[in-house]
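Peer 1: Predicted model, plus sequence, below.
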Amino acid sequence: MKNYKYYFLYILLVPLLISCAGRSYSIASEYRNKKISNSSLVIPTIDKINIRQSDNLFEEKELNTIEREYFRLLSENLKDNIKSNSTFTSVNYVELKTKPALETQAFDLDNGEPVHLDVPIKPVELNYSGNMCILFLEGVNLTIAKEQKDTSDPAKHYSVKSTDGSDIKLANAKFYNNYFIFELKYLIYDNTSGKPVSYGIISFKQKYDIQKNVESLIKIAIEKMANNIIKETPFER
């Protein structure tokens, strides 16, 4: 009976734990439950994407092509995806000719996870007028990995294997799914007041197979990033 009691307690707690675990972002207290419609956004140009893979799924030449494609699409599509989902009057990329003075600050996300982000010590000098926010992206990573399939069908765990003799035996078989895992950290910084607005970690994976177009897969990922970055901020449409 004790086991059943703990089992039902587990059933009740799991949805709560999952919902908390999903909030890998936070909105600064003074910006919560606010709506801001008179601010623009700039995104400093991205100069580095880290790409890695497991088990040599792609040749180096193919990896370089994926990296260039990700870089191109992130540079072209992110601002449009954010603009369509936000109240920002404009969203533009900007090249910071002089890197602003930054200090690393520790933040706690809503799920309790800590994150360290580089924050400007003072408002950044930009050739823009009016209320301005800056979206800083850090640790832009793409990992291509494979994971063993989880199947409840015992027959799918075996393959036919011929022996040196006339016998045919069943051998343990492993089946895998390939995934593109997208990760980055972000900070929306109110450059008018000199304060962080929101911050978080984005990490999600998308299944990949040879029938899928890499470009469309990356486009979907960037759209998800844009939605996550704007979610519950004062700029969400």
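Peer 2: Arrived safely.
Peer 1: Which residue ranges of the chain form strands?
Peer 2: Per DSSP state E, the chain carries strands over the ranges 25-27, 39-44, 50-53, 91-94, 102-108, 114-120, 131-148, 158-162, 168-172, 176-190, 195-208.
Peer 1: Could you dump those into JSON lines and include mean pLDDT and mean neighbour count?
Peer 2: Every C-beta, even on glycine, is put in place using the N, C-alpha and C of the backbone. JSON lines is the format used below for these (pLDDT from 0 to 100; neighbours: other CB atoms under 10 Å):
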{"stretch": "strand 25-27", "mean pLDDT": "97", "mean neighbour count": "20"}
{"stretch": "strand 39-44", "mean pLDDT": "96", "mean neighbour count": "20"}
{"stretch": "strand 50-53", "mean pLDDT": "92", "mean neighbour count": "15"}
{"stretch": "strand 91-94", "mean pLDDT": "95", "mean neighbour count": "16"}
{"stretch": "strand 102-108", "mean pLDDT": "97", "mean neighbour count": "12"}
{"stretch": "strand 114-120", "mean pLDDT": "97", "mean neighbour count": "16"}
{"stretch": "strand 131-148", "mean pLDDT": "93", "mean neighbour count": "18"}
{"stretch": "strand 158-162", "mean pLDDT": "43", "mean neighbour count": "11"}
{"stretch": "strand 168-172", "mean pLDDT": "51", "mean neighbour count": "10"}
{"stretch": "strand 176-190", "mean pLDDT": "94", "mean neighbour count": "20"}
{"stretch": "strand 195-208", "mean pLDDT": "95", "mean neighbour count": "18"}
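Peer 1: Same list, these, but as CSV with distance to residue 225 please.
Peer 2: Shown next, in CSV, are these (distance: least, CB to CB, whole Å):
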stretch, distance to residue 225
strand 25-27, 12
strand 39-44, 12
strand 50-53, 15
strand 91-94, 13
strand 102-108, 19
strand 114-120, 16
strand 131-148, 9
strand 158-162, 39
strand 168-172, 39
strand 176-190, 7
strand 195-208, 6
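Peer 1: Which one of those strands lies nearest to residue 83?
Peer 2: If you check each of those against residue 83 by CB to CB, strand 91-94 wins as the nearest, at 4.3 Å.
Peer 1: any idea how far that closest one is from the chain center?
Peer 2: Its chain's C-alpha centre lies 20 Å from the corresponding centre of strand 91-94 when counted by CA atoms, centre = their mean, to the nearest Å.
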